[in-house]
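**Q** My questions concern the predicted model and sequence given below.
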Amino acid sequence: MKLLLTKINITMKQFLRFSILLLMIPAFVLTSCKDDTDDLIPERETDVEFQTLITYLQNNDLDLNNILDGWITTAATVNADLVNYYIIDIRKADAYATSHIPGAVNCSYGNVVTQAANAAGKTIIVVCYTGQTAGHAVCALRLSGFTTAKVLKWGMSGWHTSTDSWSPNTNTISSPNWIASPGSIIEHTSEYKDPDITETGDGAAILEARVTSLLSGSLRGVTSATVLDAPGSYFINNYWAATDVTTYGNISGAHRINPLTLAGEEYIYLDPSKDVVTYCWTGQTSSVITAYLYVLGYNSHSLKFGANGMIYSDLASHKWDATAITDLPTE
């Protein structure tokens, strides 16, 4: 009897050891699989100069949300306090000579940062034909230390009917590549590598070089007809609120990355291997964003005239209205 109990006791111990071993196997397998899976996930490819630049921008309060803080003002506001603004008109010399805002100085887009040094502490207002090229200029100014510079909304088109460049450019385009309400935005789940920045040095040096490169060109714009013809050729970002997409729809294949900041790292969802096209309501906000993205190393473009150049007749707000222009003094 004693021998029998001893055998049973040994058998029970063996059973318990075997049971514990069985319980440990799934945990071991799952842990091993998890580690193996993690090893198979490639690390996102980064660029040293890009990381140096964005670290500098964040440390100096030059993230995109800072650049877009109070970046635009109206003709009525400027006219009410002309003496306290330094107005830089970046239109061609003949357009400036024909008609300009009293006290405005004329300079080329490429020389806007140099000209801004004469502002003597006044708030800088940049004026162009429609408010779009001025968006590039103001982005360059804000990144260069002139952090209160502003765009004149609608450009000279909003100042006087004789200088209206907006009305001929509003449009409603019928295209199979416009997805009607409620739209069909692509979720931005893919993460892309950093843009390749070739400029070297510390963050300040890289920023200065990138701003200089921006100002050496012209408006980085593309027409809505071009994009609607072949939306798959671009990485398109609809810079609207989600409710606006539901109301109006979107370009086929467009993403909606908004907010778009360095701090939030939303930039990782932009594909640097493609032309990045940003669109908004009027092409003015997207112009600032496009300039900023160019400085970051993206091959960026702004959709000219925004939704006003694409679905103008459908818009209930954010809409160009020539009849609302109150003609203001010119020289």
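**A** Perfect, thanks for sending it.
**Q** just so I have it, where are all the helices in this protein?
**A** 2-40, 48-59, 64-67, 75-79, 93-98, 112-116, 133-143, 203-215, 224-229, 242-248, 285-296 (DSSP state H).
**Q** Do me a favour and average the pLDDT over the longest one.
**A** Helix 2-40 shows a mean pLDDT of 42 in the predicted model.
**Q** do the same with the third one
**A** Model confidence over helix 64-67, given as mean pLDDT, is 98.
**Q** For it, enumerate the helices and strands it packs against.
**A** Contacts defined by 3 or more C-beta pairs under 8 Å, 6 or more residues apart in numbering; DSSP states H and E place helix 64-67 against helix 133-143, helix 285-296. Just so you know, the C-beta spots here come from the backbone N, C-alpha and C atoms, and that holds for glycine as well.
**Q** how about those in TSV, adding mean pLDDT?
**A** Formatted as TSV, the helices and strands packed on helix 64-67 follow (pLDDT from 0 to 100):
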stretch	mean pLDDT
helix 133-143	98
helix 285-296	98
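**Q** Output those as JSON lines; include the columns mean neighbour count.
**A** Shown next, in JSON lines, are these (neighbours: other C-beta atoms under 10 Å):
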{"stretch": "helix 133-143", "mean neighbour count": "28"}
{"stretch": "helix 285-296", "mean neighbour count": "26"}
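**Q** The nearest residue to Gly297 once chain neighbours are set aside and Thr247: what is the separation?
**A** Distance criterion C-beta to C-beta, 6 or more residues apart in numbering; nearest residue to Gly297, sequence neighbours excluded, is Pro195 at 3.1 Å. For Pro195, the distance to Thr247 equals 33 Å [C-beta to C-beta, to the nearest Å].
**Q** between those two, which one's more packed in?
**A** More neighbours surround Pro195 than the other of Pro195 and Thr247, with 22 against 16 (other C-beta atoms under 10 Å).
**Q** so who does that one touch?
**A** Going by C-beta atoms under 8 Å, 6 or more residues apart in numbering, Pro195 touches 47, 50, 272, 296-298.
**Q** Could you work out the most separated pair of these?
**A** Asp47 and Tyr298 (11.8 Å; C-beta to C-beta).
**Q** between these two, which one's more packed in?
**A** Taking neighbours as other C-beta under 10 Å, Asp47 and Tyr298 compare with Tyr298 leading, 21 against 17.
**Q** pretty sure that one is touching Leu270, no?
**A** Yes - at 6.3 Å, Tyr298 counts as touching Leu270 under the criterion of C-beta atoms under 8 Å.
**Q** Show me the shaky parts of the protein.
**A** For the chain, applying pLDDT under 70 flags the ranges 1-42.
**Q** just to revisit the earlier point, now, which of the contacts of Pro195 sits nearest Gly145?
**A** Distance to Gly145 across those (C-beta to C-beta) is lowest for Leu296, with 18.3 Å.
**Q** Chain neighbours aside, what residue packs nearest to that closest one?
**A** Going by C-beta to C-beta, 6+ apart, Leu296 has Pro195 as its nearest residue, at 6.1 Å.
**Q** ok, now how distant is that neighbour from Ser144?
**A** Distance of Pro195 to Ser144, computed by C-beta to C-beta: 20 Å.
**Q** And Cys128, by the same measure?
**A** 18 Å.
**Q** quick one, which of those two is more surrounded?
**A** The residue with more neighbours, out of Cys128 and Ser144, is Cys128; 26 against 20, by other C-beta under 10 Å.
**Q** Surely the more buried one is in contact with Arg91?
**A** Yes - counting by C-beta under 8 Å, Cys128 does reach Arg91; the two are 5.9 Å apart.
**Q** Now do the shared contacts for those two.
**A** In contact with both Cys128 and Arg91: Met156, using C-beta under 8 Å, 6+ apart.
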